[in-house]
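Q: got a structure for you, letters missing:
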């Protein structure tokens, strides 16, 4: 009897799941694919088993497809928040409710953000309301002035205690110029990479005590092996033009895949960055000389990098709480001259590809079905998010903020009553 | 649709805002006077005046730094410079009622962190204007975002952070050359986490009850000081008590940094205990919980569209806060508190409008523009001269490339007292800030 009861419950659960998993066609929308198809003025996206089956102006639908009329809507890939600490931070300051870095001097490059993420953070539903479906979660520099911050992961913002997390998608290195000075930090970096190469050839050298560039832990060395093999990118936060040139030289000599984050003075050396094929993640609102490494900060950075042919990633709202605003940062870049379709790629397909998840970030056959449905231009504040799918599953668009609004604000109560009555 | 905008106009006529009268200049007086400017007409734009309905296809005329006419089919005097505004929008210059430009300057090196005196819980004696670095490149960036007037505040690390100052966002070698002539002074107060967290170890306040005791003790001293002053009894001038007595006398507007609803209620009781008026709660992320009380008390709120979660007291912030306050009849404003956000206060307003639409209700552009123009002007006591577009007012205005509530809108031209201070069509690109002038990196590209 007890066994049968359990089977019954499981049966209901899988029935619900299969109901969601039947083919769904979103029909009649303007589709910004962030892929080769560009923008389809009126088309259909067919989703089945968590993936996009086909997309186009004219899509043949299998029998049993649930068709949803999306006339007047705009569909985009779900957005990707790059260089985010979402899930690692509940409250940023003064509340012991944030872990964004290693607190142990023993673990630096090996620091693994997947364990720091709380999938039940209130920041995640808020980000979903901005159309964000995935985040490239990156650690900040850790204890004892460690230069390697740790390993990034791609977090799915789905409603789940066990969301899909793709761990170890790259390593973050911090220059720590303030602690060490440039003359030391770049020399140390190359010495560290030499150690990792020796370790990669013969891991036993570690036990023999022959890996001595610094006080390594074995997880740190292991995390860097895919970096020196050029299999995974290493991300560097950098602003000064001369530092960018130094990093381009090092990346070329070491044959490592570099990603620059920040790059306030990137426009000054845009051609060199483009020639080296190095992607750059920038915040289009970063236009003030906040310190002497970014005297050249300008609102035109995104447009100039784009014009030079640099692969652009747009980040913005670096705080976990502001991840949902990345669409406005894409809009700001467009206002300054980055074409809208390229600004869209900069918050979808480009970061997905760079961190090794090429089946995320665009609307094309075979890709994961992360899609956002908008009432209009996705970059405009006035536009509303009408629906969000992650891996083919429709997501809740309610957050703790909606509960607070419904408790205190009459207009929110009226709205909740209307939608509840539907 | 514009019932509220009309009411707003009516309230202006009866002089709702206080204190409205320009105050006589004290020490460190303003030396600002606008430079010459040609008589100008912007023709064909949609004009949001912040005083009434939007006027599509309007002409706005200004001369000698003052607006002279707004309307359709105006006769243009022969001597005016004409700017084509077709397809574009004109709004009053944006006013940021909570800025730290010049006191926390770029570059943010330690010696330029001049906004928090923080040597004790009460530093009401300091004046923000004595910290302002006029070469802060942030002023120019804010100008390019359409900001023409700013309230520069000290604090909020302690209970009384000092005096604020209202400035015109013009390029000047001295802060005296930026001071808004005759604008009343403000004072910054802070409740909640900051005074506790930032208090030096071993100093009070350690708790929120310590905060309240600190406020009350200070005002008890100020009452005695003010009473002696009123009786004409001789006493040594005390800079700290001068500011506090100015609050009690109603000469100095209070800007109170406060996030939580329960703490705002405590501050309202504090104001009643000592008989002073609260000008505005700043940040006030929980104001929506007490919107009716704030409306009844006539207390303004200056906040963001939806910043939240950066500390525990900001955990309950909601994106519908601004709209809820507007609907409850609260005097509502948006502020930046940031050298970056100040450059896009129009988008903050757009985000707050969008939150209203999300629950199925609309807030008009006419109302939303007042959050960042007329309403802060009223709280700052300068609404008789700026903050809206009307004949006789200062020609502080912005020509936007598009609807200012669009992410794609850029401030193409900005005028302060009729003088063009931003012009995106002008290829002359020398920075205004001496700090950026001649920097090799700005000339090094490729």
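A: That came in fine, so what should we check first? In this text, all values refer to a predicted model and were calculated from it rather than measured experimentally.
Q: wait, doesn't residue B:313 sit right on residue B:261?
A: No - look at residue B:313 against residue B:261 with Cβ atoms under 8 Å: they stay out of range, at 10.4 Å. Bear in mind the C-beta positions are built from the backbone N, C-alpha and C, glycine included.
Q: and residue B:373, what does it touch?
A: Residue B:373 makes contact with B:50, B:91, B:92, B:93, B:94, B:95, B:387, B:388, according to Cβ atoms under 8 Å, 6 or more residues apart in numbering or on different chains.
Q: farthest pair in those?
A: B:94 and B:388 (12.1 Å; Cβ to Cβ).
Q: can you give me the strands in the stretch 301-422 of chain A?
A: With strands called from DSSP state E, counting those that start in this stretch, the stretch 301-422 of chain A shows them at A:312-314, A:371-374, A:385-390, A:393-394.
Q: want to throw the ones you listed into JSON lines with mean pLDDT?
A: Listed next are the strands of the stretch 301-422 of chain A as JSON lines, based on pLDDT from 0 to 100:
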{"stretch": "strand A:312-314", "mean pLDDT": "98"}
{"stretch": "strand A:371-374", "mean pLDDT": "98"}
{"stretch": "strand A:385-390", "mean pLDDT": "98"}
{"stretch": "strand A:393-394", "mean pLDDT": "96"}
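Q: Mind putting these into CSV with mean neighbour count and distance to residue A:272?
A: Below are the strands of the stretch 301-422 of chain A laid out as CSV (neighbours: other Cβ atoms under 10 Å in any protein chain shown; distance: least, Cβ to Cβ, whole Å):
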stretch, mean neighbour count, distance to residue A:272
strand A:312-314, 27, 15
strand A:371-374, 25, 35
strand A:385-390, 21, 38
strand A:393-394, 17, 43
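Q: higher neighbour count, residue B:94 and residue B:388?
A: Neighbour tally, residue B:94 and residue B:388, criterion other Cβ atoms under 10 Å in any protein chain shown: the higher count belongs to residue B:94, 34 against 26.
Q: what bridges to that one?
A: Residues in a beta bridge with residue B:94, per DSSP bridges, are residue B:147.
Q: quick one, what contacts it?
A: Going by Cβ under 8 Å, 6+ apart, residue B:94 touches B:145, B:146, B:147, B:148, B:149, B:345, B:346, B:372, B:373, B:398.
Q: Could you find the closest non-adjacent residue to residue 381?
A: The chain I'm using is chain A. Residue nearest to residue A:381 in three dimensions, not counting chain neighbours: residue B:350, with 3.9 Å by Cβ to Cβ, 6 or more residues apart in numbering or on different chains.
Q: meant chain B actually
A: Nearest to residue B:381 is residue B:184, by Cβ to Cβ, 6+ apart, at 4.2 Å.
Q: gap between that neighbour and residue B:378?
A: The spacing between residue B:184 and residue B:378, counted by Cβ to Cβ, to the nearest Å, is 12 Å.
Q: quick one, what contacts residue B:333?
A: For residue B:333, the contact set (Cβ under 8 Å, 6+ apart) comprises B:97, B:280, B:300, B:301, B:302, B:303, B:371, B:372, B:375, B:376, B:379.
Q: Just say helix, strand or coil for it.
A: Following DSSP: H, G, I helix; E, B strand; the rest coil, residue B:333 is assigned to strand.
Q: same deal with residue B:117?
A: Assigned state for residue B:117: coil (three-state reduction, three-state DSSP).
Q: Tell me how many other residues surround it.
A: Quick note: residue B:117 (other Cβ under 10 Å) scores 20 neighbours.
Q: so who does it touch?
A: With contact set as Cβ under 8 Å, 6+ apart, residue B:117 has these partners: B:123, B:126, B:154, B:158, B:161, B:162.
Q: What's the per-residue pLDDT of it here?
A: Residue B:117 is assigned a predicted lDDT (pLDDT) of 95.
Q: SS state for residue 163?
A: Assuming you mean chain A. coil.
Q: Correction: the question concerned chain B.
A: strand.
Q: Spatially nearest residue to it, not counting backbone neighbours?
A: Per Cβ to Cβ, 6+ apart, closest to residue B:163 is residue B:127, 4.5 Å.
Q: so what's the nearest residue in space to residue A:350 that is not next to it in sequence bridging to?
A: Nearest non-adjacent residue to residue A:350, counting by Cβ to Cβ, 6+ apart: residue A:313, 5.3 Å away. Beta-bridge pairing of residue A:313 under DSSP bridges involves residue A:281.
Q: hang on, isn't residue A:313 packed against residue A:353?
A: No - using Cβ under 8 Å, residue A:313 is not in contact with residue A:353, being 10.0 Å away.
Q: follow-up on the earlier one: same list (the contacts of residue B:117) but as JSON lines, adding neighbour count and pLDDT.
A: Output for the contacts of residue B:117, formatted as JSON lines (neighbours: other Cβ atoms under 10 Å in any protein chain shown; pLDDT from 0 to 100):
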{"residue": "B:123", "neighbour count": "22", "pLDDT": "97"}
{"residue": "B:126", "neighbour count": "24", "pLDDT": "98"}
{"residue": "B:154", "neighbour count": "32", "pLDDT": "97"}
{"residue": "B:158", "neighbour count": "29", "pLDDT": "95"}
{"residue": "B:161", "neighbour count": "28", "pLDDT": "98"}
{"residue": "B:162", "neighbour count": "29", "pLDDT": "98"}
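Q: I'd like those residues laid out as JSON lines, including distance to chain A.
A: Shown next, in JSON lines, are the contacts of residue B:117 (distance: Cβ to the nearest Cβ, whole Å):
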{"residue": "B:123", "distance to chain A": "22"}
{"residue": "B:126", "distance to chain A": "24"}
{"residue": "B:154", "distance to chain A": "20"}
{"residue": "B:158", "distance to chain A": "16"}
{"residue": "B:161", "distance to chain A": "19"}
{"residue": "B:162", "distance to chain A": "23"}
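Q: element containing the residue nearest in space to the middle of chain B, please.
A: What sits nearest the mean C-alpha location of chain B, by Cα atoms, centre = their mean, is residue B:97, with 1.6 Å. For residue B:97, the host element (DSSP states H and E) is strand B:94-99.
Q: burial count for residue A:365?
A: Residue A:365 sits with 14 neighbouring residues when counted by other Cβ under 10 Å.
Q: I meant to write residue A:166 there.
A: By other Cβ under 10 Å, the residues close to residue A:166 number 17.
Q: Could you tell me whether it really is in a helix?
A: No - read with three-state DSSP, residue A:166 is strand and lies in no helix.
Q: contacting residues around it?
A: A:153, A:154, A:356, A:357.
Q: Check what pLDDT it gets.
A: Looking at residue A:166, its pLDDT is 98.
Q: Provide a list of residues in contact with whatever residue of chain A ends up closest to chain B.
A: Nearest residue of chain A to chain B: residue A:331, at 3.4 Å (Cβ to the nearest Cβ). Residue A:331 makes contacts with A:343, A:379, A:380, B:407, B:408, as judged by Cβ under 8 Å, 6+ apart.
Q: how much distance is there from stretch A:104-116 to the middle of the chain?
A: Relative to the centre of its chain, stretch A:104-116 is centred 19 Å away, using Cα atoms, centre = their mean, to the nearest Å.
Q: What of stretch A:144-154?
A: Put simply, stretch A:144-154 sits 16 Å off its chain's centre (Cα atoms, centre = their mean).
Q: Going by neighbour count, list what's buried in that stretch.
A: Applying a neighbour-count criterion of 16 or more other Cβ atoms under 10 Å in any protein chain shown, one finds A:146, A:147, A:148, A:149, A:150, A:151, A:152, A:153, A:154 buried in stretch A:144-154.
Q: how about these in JSON lines, adding distance to residue B:237?
A: As requested, the buried residues of stretch A:144-154 are arranged in JSON lines below (distance: Cβ to Cβ, whole Å):
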{"residue": "A:146", "distance to residue B:237": "54"}
{"residue": "A:147", "distance to residue B:237": "55"}
{"residue": "A:148", "distance to residue B:237": "58"}
{"residue": "A:149", "distance to residue B:237": "54"}
{"residue": "A:150", "distance to residue B:237": "57"}
{"residue": "A:151", "distance to residue B:237": "62"}
{"residue": "A:152", "distance to residue B:237": "59"}
{"residue": "A:153", "distance to residue B:237": "61"}
{"residue": "A:154", "distance to residue B:237": "63"}
